[in-house]
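A.B. asks: Structure for this input, please:
(one chain, ligands or ions: 1)
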Amino acid sequence: AVLGVVGLGYVGLPLAVEMVKQGFKVVGIDLDAGKIERIQRGESYIHDIPSESLAEVMGTGRFKPTTDYASLQEIDAVSICVPTPLSENQDPDTSYIVTVVEQIKRYMKKGILITLESTTYPGTTEELIQRELEALGHVVGEDFFLCFSPERVDPSNVKFNTFNTPKVIGGTTEACLALGNALYSKYVQTVVPVSSPKVAEMSKLLENTFRSVNIAFINEMAMMCDRMGIDIWEVIDAAKTKPFGFMPFYPGPGIGGHCIPLDPMYLSWKAKGFRFYSQFIELAQSTNDNMPYYVVNKTSKILNEYAKSIKKSNILILGMAYKPDISDLRESPALEVYELYKDSGAQVEYYDPYATSFRDKHGRTVHSVEYNLEKFKSYDCIVLVTNHSNLDYGTIAHLGVPIVDTRNAFRDYPLPHIYKIGHSVQH
Ligand code: SAJ
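C.D. replies: So this is what the prediction gives:
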């Protein structure tokens with residue numbers, strides 16, 4: 001059998017590589033010719049796929065990366081791993097999926113197994129794939145087989161990978177599920193069959209909405225503790241000693257990435273279509289979106305304690321990426337923090353060893369400053385937004401510059417000029 005992956009990004013490329021490693025012939029389709037050329041040169045653009053292993057995969061001769069959708073004619077089973085972003089007005093943008101389905105209509109091989117992996121609202125597989133193919137007279141379970149199986153790729157997670165992360169899968173018919181289960185079981189250690197694509201679609205949204213709502217809740221607890229003069233970080237450390245029924249989340253400057261800020265909006269949007277308004281999702285979204293303002297307001301109060309106004313202060317942001325030890329800037333709250341400091345009239349620069357430049361809201365490119373301790377001493381305030389592991393927290397703590405710590409990264413240096421979100425010293 002020839003397998004196929006459409007969309008060779010942080011989900012599709014690792015999937016294709018795993019399939020080739022298990023001995024399959026794989027066709028990888030992506031619109032971006034640049035990606036195809038880099039794969040052919042054995043040059044990885046995915047953090048978790050070393051170029052050596054990509055070159056090895058190319059060396060097997062079993063992987064064919066291409067921009068040509070006509071290659072679908074060779075494919076017996078295809079996994080769709082294209083993006084599902086939000087549109088300008090925060091509604092689901094399923095245009096990438098629709099584009100792929102249009103190509104499948106043109107080139108599909110009789111009996112093809114189609115598995116959608118992109119995170120999306122419950123009903124997508126049925127509405128955008130099943131109905132579209134049935135409208136052409138194709139019969140599901142005969143002319144084509146259809147499943148939904150959510151991706152659980154966690155970039156830079158060294159413990160869990162494509163092979164050892166359990167994979168949920170739902171089929172449109174029993175035969176679809178049987179085929180999908182049989183295929184995924186060949187290169188995923190544990191497959192979790194469920195009764196329909198909708199259950200599989202919804203399980204993924206539960207996973208990520210659970211995170212968004214709990215992160216928003218702990219962010220609210222942080223602001224409450226700040227007001228009450230209690231240290232939220234100590235409170236969490238105490239609570240997490242409970243060996244059952246509790247799971248720690250941590251306050252932060254807001255939420256970033258391509259999953260957590262977006263996935264819940266897919267769910268709340270679809271629910272509205274059923275006249276169901278999700279209070280939790282909307283409140284979590286606004287609470288998390290408010291965190292950059294809270295960080296900037298706290299910075300302003302701290303500067304006032306040094307008889308300074310944020311308006312003319314020199315501020316250094318440490319960390320711009322959306323989470324530690326990666327360069328990914330998508331939806332990073334640090335970008336919002338940066339803009340808010342600028343709007344407050346402060347001079348703002350940033351240092352991030354991974355995310356070395358970004359484009360601000362006016363489209364201007366902003367570069368990270370060099371790592372220079374003498375220069376770091378000259379700022380009125382240093383704000384730790386992303387707690388990269390390789391920052392020298394001890395040295396920075398002892399520069400004596402007031403620090404606003406949004407991640408409790410300086411927990412080992414309880415010095416009077418180091419302030420944490422979610423805590424305040426009541427005078
Ligand atoms: N965040 C907090 N407090 C927390 C946890 C996260 O403020 O307690 C922030 C992070 O700083 C980040 C954002 O939320 O800005 C998202 O963080 P994340 O840990 O959820 O990381 P992601 O976006 O890479 O989420 C992925 C997701 N994986 C998939 O969708 C397959 C998520 O389901 C995983 O649980 C998560 O990785 C993980 O556990 O690392």
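A.B. asks: Can you report phi and psi for the residue lying closest to residue 300 once chain neighbours are set aside?
C.D. replies: Distances taken as C-beta to C-beta, 6 or more residues apart in numbering put residue 310 closest to residue 300, at 4.3 Å, once the chain neighbours are dropped. Where C-beta positions appear, they are placed from N, C-alpha and C, glycine not excepted. Backbone torsions of residue 310, given as degrees, to the nearest 10, read phi -60, psi -20.
A.B. asks: do residue 279 as well
C.D. replies: phi -60, psi -50.
A.B. asks: For residue 390, which non-adjacent residue is spatially closest?
C.D. replies: residue 353 (6.2 Å).
A.B. asks: buried ones in the strand or helix carrying residue 100?
C.D. replies: Residue 100 belongs to helix 95-107 when assigned by DSSP states H and E. Buried residues in helix 95-107, counting neighbours by 16 or more other C-beta atoms under 10 Å, are found at 96-97, 100-101, 103-104.
A.B. asks: follow-up on the earlier one: are we agreed that the residue nearest to residue 390 is in a strand?
C.D. replies: No: applying DSSP: H, G, I helix; E, B strand; the rest coil, one finds residue 353 to be coil, outside a strand.
A.B. asks: burial count for it?
C.D. replies: 15 (other C-beta atoms under 10 Å).
A.B. asks: Tell me, please, where in this protein the pLDDT is lower than the cut-off.
C.D. replies: By pLDDT under 70, the low-scoring segments of the chain are 426-427.
A.B. asks: Quick one: name the residues of it near the ligand.
C.D. replies: Those residues of the chain that sit near the ligand, judged by C-beta under 6 Å from any ligand atom, are 151-155, 157, 207-208, 211, 215, 249-250, 252, 255-257, 259-260, 322-323.
A.B. asks: Quick one: neighbours of residue 272, just the number.
C.D. replies: Counted with other C-beta under 10 Å, residue 272 comes out at 12.
A.B. asks: do the one 10 residues further on as well
C.D. replies: Counted with other C-beta under 10 Å, residues neighbouring residue 282 total 13.
A.B. asks: what helix or strand is it on?
C.D. replies: helix 279-305.
A.B. asks: Can you name the element that comes right after that helix?
C.D. replies: Following helix 279-305 in sequence, per DSSP H and E, is strand 314-318.
A.B. asks: other SSEs contacting that following strand?
C.D. replies: Counting contacts by 3 or more C-beta pairs under 8 Å, 6 or more residues apart in numbering; DSSP states H and E, strand 314-318 packs against helix 333-343, strand 347-351, strand 381-384.
A.B. asks: partners of that strand, with directions?
C.D. replies: Strand partners for strand 314-318, identified by DSSP bridges, are recorded as strand 347-351 (parallel), strand 381-384 (parallel).
A.B. asks: Alpha carbons only: can I get the first one in PDB?
C.D. replies: Listed in PDB are the C-alpha atoms of strand 347-351, where the atom choice follows Å, rounded to 0.1, in the frame of the first residue of the first chain:
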ATOM      1  CA  GLN A 347      11.500  52.300  25.400                       C
ATOM      2  CA  VAL A 348      11.300  48.600  24.900                       C
ATOM      3  CA  GLU A 349      13.900  46.100  23.800                       C
ATOM      4  CA  TYR A 350      14.000  42.300  24.100                       C
ATOM      5  CA  TYR A 351      16.500  39.400  24.400                       C
END
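A.B. asks: For the closest residue to residue 106 other than its chain neighbours, give its distance to residue 222.
C.D. replies: Spatial nearest neighbour of residue 106, chain neighbours left out: residue 69 (7.3 Å); criterion: C-beta to C-beta, 6+ apart. Residue 69 sits 48 Å away from residue 222, going by C-beta to C-beta, to the nearest Å.
A.B. asks: Next, the buried residues of the one helix or strand residue 131 maps to.
C.D. replies: Assigned by DSSP H and E, residue 131 falls within helix 131-134. For helix 131-134, the neighbour count (16+ other C-beta under 10 Å) marks 132-133 as buried.
A.B. asks: residues making contact with it?
C.D. replies: Outside helix 131-134, the residues within contact range by C-beta atoms under 8 Å, 6 or more residues apart in numbering are 101, 104-105, 108, 140, 143-144, 146.
A.B. asks: re the thing from before, check which helices and strands the helix holding residue 282 sits against.
C.D. replies: Under the contact rule (3+ C-beta pairs under 8 Å, 6+ apart), helix 279-305 is packed against helix 197-228, helix 263-272, helix 333-343, strand 381-384, strand 403-405.
A.B. asks: So which bits of it are buried?
C.D. replies: So for helix 279-305, counting by 16+ other C-beta under 10 Å, buried means 281, 284-285, 287-288, 291-292, 294-296, 298-300, 302-303.
A.B. asks: now what about stretch 170-181, what contacts it?
C.D. replies: 77, 113, 115, 125-126, 130, 140-141, 145-149, 169, 191, 193-201.
A.B. asks: Those in helices, which ones?
C.D. replies: Among the contacts of stretch 170-181, the ones falling in helices (DSSP state H) are 197-201.
A.B. asks: What subset of the residues you listed is buried?
C.D. replies: For those, buried by 16+ other C-beta under 10 Å: 197-198, 200-201.
A.B. asks: In these, find the pair that's most separated.
C.D. replies: Taking every pair in those and measuring C-beta to C-beta, the maximum separation is 7.3 Å, between 198 and 200.
A.B. asks: what is in contact with those two at once?
C.D. replies: In contact with both residue 198 and residue 200: 148, 170, using C-beta under 8 Å, 6+ apart.
A.B. asks: Next, the contact list for residue 316, please.
C.D. replies: So residue 316 contacts 348-351, 369, 376, 379, 381-383 (C-beta under 8 Å, 6+ apart).
A.B. asks: Name all residues that make contact with the closest residue to residue 115 other than its chain neighbours.
C.D. replies: Spatial nearest neighbour of residue 115, excluding adjacent residues (C-beta to C-beta, 6+ apart): residue 147 at 4.4 Å. Counting by C-beta under 8 Å, 6+ apart, residue 147 makes contact with 113-116, 125, 169-172, 176-177, 179-180, 197, 200.
A.B. asks: closest to residue 419 among these?
C.D. replies: Nearest member of the contacts of residue 147 to residue 419, counting by C-beta to C-beta, is residue 200, at 44.6 Å.
A.B. asks: All good on my end, thank you.
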